[in-house]
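K.L.:
predicted coordinates and the sequence they were generated for:
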Amino acid sequence: MTTMPPADRRIEAVAARLKEAAQERAETLGPPPVWQPIWKRPRKPKSIKEKGRS
């Protein structure tokens, strides 16, 4: 049988601050960019010099 330890106010306060900070970061950064596979991303065309080296 598993028992829960008594609630510690300090731990709960730290957890609440971390949760609030994470929420603020998420609001600041905005939604994540839409993921695209590598093969569908637009490529930078090679210059004539770069083509000659390959």
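P.N.:
Now that the structure is in, tell me what you want to look at. Here the structure is a predicted model, which is why all the values come from computation and not from measurement.
K.L.:
name the next helix or strand downstream of the helix or strand that contains Ala15, please.
P.N.:
Of the helices and strands defined by DSSP states H and E, Ala15 is found in helix 9-29. Following helix 9-29 in sequence order, the next helix or strand is helix 48-53 (DSSP H and E).
K.L.:
elements contacting that next one?
P.N.:
The helices and strands touching helix 48-53, judged by 3 or more C-beta pairs under 8 Å, 6 or more residues apart in numbering; DSSP states H and E, number zero. Heads up, the C-betas are built off the backbone N, CA and C, glycines and all.
K.L.:
distance from that helix to the middle of the chain?
P.N.:
Remark: helix 48-53 is offset 37 Å from the chain centroid, using C-alpha atoms, centre = their mean, to the nearest Å.
K.L.:
repeat that for stretch 13-28.
P.N.:
Distance of stretch 13-28 from its chain centroid, counting by C-alpha atoms, centre = their mean, is 14 Å.
K.L.:
and Trp35, how many neighbours?
P.N.:
Using other C-beta atoms under 10 Å, Trp35 has 5 neighbouring residues.
K.L.:
can you give me the pLDDT of it?
P.N.:
The model reports Trp35 with a pLDDT of 76.
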